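Peer 1: Pasting a predicted model and its sequence here:
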Amino acid sequence: MSTLDPADWSALRALGHQMLDDMVDHLATLRDSPVWRPMPAPVREGFEAPIPAQGTSPEALYERFQTDIQPYVTGNTHPRFMGWVHGGGNPVSMLAELLAGAMNANCGGRDHAGIAVERQVIAWAAAMLGMPAQTSGVLLTGSSMANFVAVLCARYKVLGQNGRTEGVRNAKLTAYASAGVHRCVPGALDMAGLGSGSLRRIPVDENFQMDLAALRAAIAADKAAGCTPFLIVGTAGTVDVGAFDNLDILADIAAQEGAWFHVDGAFGALAVLSPTLKPATAGIERADSVAFDFHKWAQVTYDSGCVLVRDPAIELATFAQATSYLAAAPRGLAGGAPWPCDLGPDLSRGFRALKVWMTLSAYGTDALGGIVDDTCALAQHLAAAVAASNRLALLAPVKLNIVCFGVSGFSDAQTADLVADLQDEGLFAPSTTTINGRLAIRAAIVNHRTTQADIDALVAEVLRRT
Ligand SMILES: Cc1ncc(COP(=O)(O)O)c(C=O)c1O
């Protein structure tokens, strides 16, 4: 038998120390590097090699990492990355990943500290959102999976165990969300066997909030057609513009209709940590389920999504399966039920909770709420600069941390080129989206490292090119 551990640990220890020093330097000097670099073809081709039969030394692999991987990652740690909705991570979370790797805990189940830490994180998340203490939940890859878990819970609520064993069959179930809903919600309905066509995309008003009269009309029309409205999804922070639906009224409507009320708060849920923004989240505490990410505004390293389910019995009933090889026991390592594998789709799962717990513990919710406030203040600063320029125009109201703007007289192709140029040259990484039929430059300010000088530099660079 051979082991993968070295006979003498000193070389590995030295390499590990070097890696740690280098990665701390990397985080400390992020500004000195481009935001992003396109991967040269030969480097990319280096990752099309056959699987190696013989090993390579970790020292050589680390060199390869430094030349072929590190320079070409997404760049979302960089203060001038403002695309999509990417968190910047944090150094404590990076260290937690090392510890979690050393523990190599399987957090699907069993009775161990990994499960206790995750339960702590879930309890903190429920308290943060104002949900009841018994709220259950699990950590997942991201909000896409969290929304999927929520849809499955809603399906269980309406179809019961039969829905699990027999499938949806002829049930005509309909779900409702704003036109600004993230693609993962129709995706979740698709994966749940309900069909993405069961989602009614309700028009939004000028503030990109779901039009409640249109929602009521859609529900009435579906009921008249023999459908069962089973799920209302409110969005706390839409992906395009950061709009909040009126969650309180959605909760009322869901209660009247006997429908499951779910909130997709992928990043926006974290607005509860800001005293000034918290009122926009009113009603989130009434949700049957909430999906959100720690890897976005809470700055935990990827990946760390979370779903919360108000009624723990429903989450358990949605996923639990009895098998002899995974039977819970009153004591021993098989104790401590219910296990995360009975609360979500994953069985084997890593120790995500450690980096979340360490991040929340190291910084505290006040500091994280401060980042939410600061990034929103930067968005307002950008919005003001855009509004003050006669060459730029805001394409959507700025309520949160996302600014969508355009260049006067630019075609969509010119806007796309401008954004790609900024990315290719490693200067800034905004993304694009389409607002009212026009391609927008979209700056989502999520990263705790971004400063006002970065925003001013972005505006200056855009203006220089227009
Ligand atoms: C509103 C919203 N919902 C869901 C998601 C999907 O989250 P994830 O990328 O963590 O799967 C996003 C991602 O940006 C989002 O903005």
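Peer 2: That came in fine, so what should we check first?
Peer 1: So which residues of the stretch 351-466 of the chain form helices?
Peer 2: 352-388, 412-424, 452-464 (DSSP state H, counting those that start in this stretch).
Peer 1: before we move on, what about the chain?
Peer 2: 10-28, 41-45, 58-64, 91-103, 113-129, 143-166, 184-191, 212-224, 247-257, 312-319, 352-388, 412-424, 452-464 (DSSP state H).
Peer 1: and the third one, average pLDDT?
Peer 2: Averaging pLDDT along helix 58-64 gives 98.
Peer 1: And the contacts of it?
Peer 2: Ala11, Leu12, Leu15, Gln18, Met19 (CB atoms under 8 Å, 6 or more residues apart in numbering). Every C-beta, even on glycine, is put in place using the N, C-alpha and C of the backbone.
Peer 1: Just the buried positions in that helix, please.
Peer 2: Tyr62 (16 or more other CB atoms under 10 Å).
Peer 1: re earlier: right, so the helices of the stretch 351-466 of the chain: which one is the most enclosed?
Peer 2: helix 352-388 (a mean of 20; mean count of other CB atoms under 10 Å).
Peer 1: So which other helices or strands are in contact with that helix?
Peer 2: Judged by 3 or more CB pairs under 8 Å, 6 or more residues apart in numbering; DSSP states H and E, helix 352-388 is in contact with helix 91-103, helix 113-129, strand 136-140, strand 392-394, strand 402-407, helix 452-464.
Peer 1: With the flanking residues excluded, which residue is spatially nearest to the residue in the stretch 251-400 of the chain that the ligand sits nearest to?
Peer 2: Proximity of the stretch 251-400 of the chain to the ligand (CB to the nearest ligand atom) peaks at Ala266, 3.3 Å away. Spatial nearest neighbour of Ala266, excluding adjacent residues (CB to CB, 6 or more residues apart in numbering): Ser143 at 3.8 Å.
Peer 1: Contacts only, for that neighbour.
Peer 2: His182, Cys184, Asp264, Ala266, Ala291, Phe292, Asp293, Gly305.
Peer 1: Please produce a PyMOL select command covering the buried subset of those.
Peer 2: Only the buried entries of these go into this PyMOL selection, using 16+ other CB under 10 Å:
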select buried, resi 182+184+264+266+291+292+293+305
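Peer 1: which one among the contacts of Ser143 gets closest to Ala100?
Peer 2: Gly305 (16.1 Å; CB to CB).
Peer 1: Tell me, how many residues neighbour the spatially closest residue to that closest one that is not a sequence neighbour?
Peer 2: Using CB to CB, 6+ apart and skipping residues adjacent in sequence, the residue nearest Gly305 is Gly142, 3.8 Å away. Applying other CB atoms under 10 Å, we find 20 other residues in the vicinity of Gly142.
Peer 1: go on, Leu394?
Peer 2: If we define neighbours as other CB under 10 Å, then Leu394 has 17 of them.
Peer 1: Phe208 too?
Peer 2: Neighbour tally, Phe208, other CB under 10 Å: 21.
Peer 1: Now for Ala188: which residues touch it?
Peer 2: Ala188 sits in contact with Ser144, Asn147, Phe148, Ala150, Val151, Leu152, where contact means CB under 8 Å, 6+ apart.
Peer 1: Wait, the third one touches His182, no?
Peer 2: Looking back up the chat, that one is Phe148. No - the criterion here is CB atoms under 8 Å, and Phe148 misses it with His182 at 11.7 Å.
Peer 1: Could I get the contacting residues of the residue in the chain that the ligand sits nearest to?
Peer 2: Of all residues in the chain, Gly142 sits closest to the ligand, at 2.4 Å by CB to the nearest ligand atom. By CB under 8 Å, 6+ apart, Gly142 lies in contact with Ala266, Asp293, His295, Asp303, Ser304, Gly305.
Peer 1: residues from the protein in reach of the ligand?
Peer 2: With CB under 6 Å from any ligand atom as the criterion, the chain meets the ligand at residues 85, 142-144, 182, 184, 235, 237-239, 264, 266-267, 293, 305.
Peer 1: which of the residues you listed sit farthest apart?
Peer 2: Largest pairwise distance in these, by CB to CB, is 17.4 Å, between Thr238 and Gly305.
Peer 1: what about the chain, any weak spots by pLDDT?
Peer 2: 1 (pLDDT under 70).
Peer 1: Just want the most central residue of it.
Peer 2: Asp293 (3.9 Å; CA atoms, centre = their mean).
Peer 1: isn't that one right next to Val307, touching?
Peer 2: No - judged on CB under 8 Å, Asp293 makes no contact with Val307 at a distance of 10.4 Å.
Peer 1: Which residues are in contact with each of these two?
Peer 2: Ala146.
Peer 1: before we move on, the earlier item: which one of the helices of the chain lies nearest to Leu343?
Peer 2: Closest among the helices of the chain, using CB to CB: helix 312-319, at 5.1 Å.
Peer 1: How far off centre is the closest one?
Peer 2: Distance, stretch centre to chain centre, for helix 312-319: 23 Å (CA atoms, centre = their mean, to the nearest Å).
Peer 1: Now it - C-alpha only, CSV.
Peer 2: C-alpha atoms of helix 312-319 as CSV (Å, rounded to 0.1, in the frame of the first residue of the first chain):
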residue,chain,number,x,y,z
PRO,A,312,-38.4,22.7,9.1
ALA,A,313,-40.8,19.8,8.7
ILE,A,314,-41.5,20.7,5.1
GLU,A,315,-37.8,21.0,4.2
LEU,A,316,-37.2,17.6,5.8
ALA,A,317,-40.2,16.0,4.1
THR,A,318,-39.1,17.4,0.8
PHE,A,319,-35.7,15.7,0.8
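Peer 1: Lovely, talk soon.
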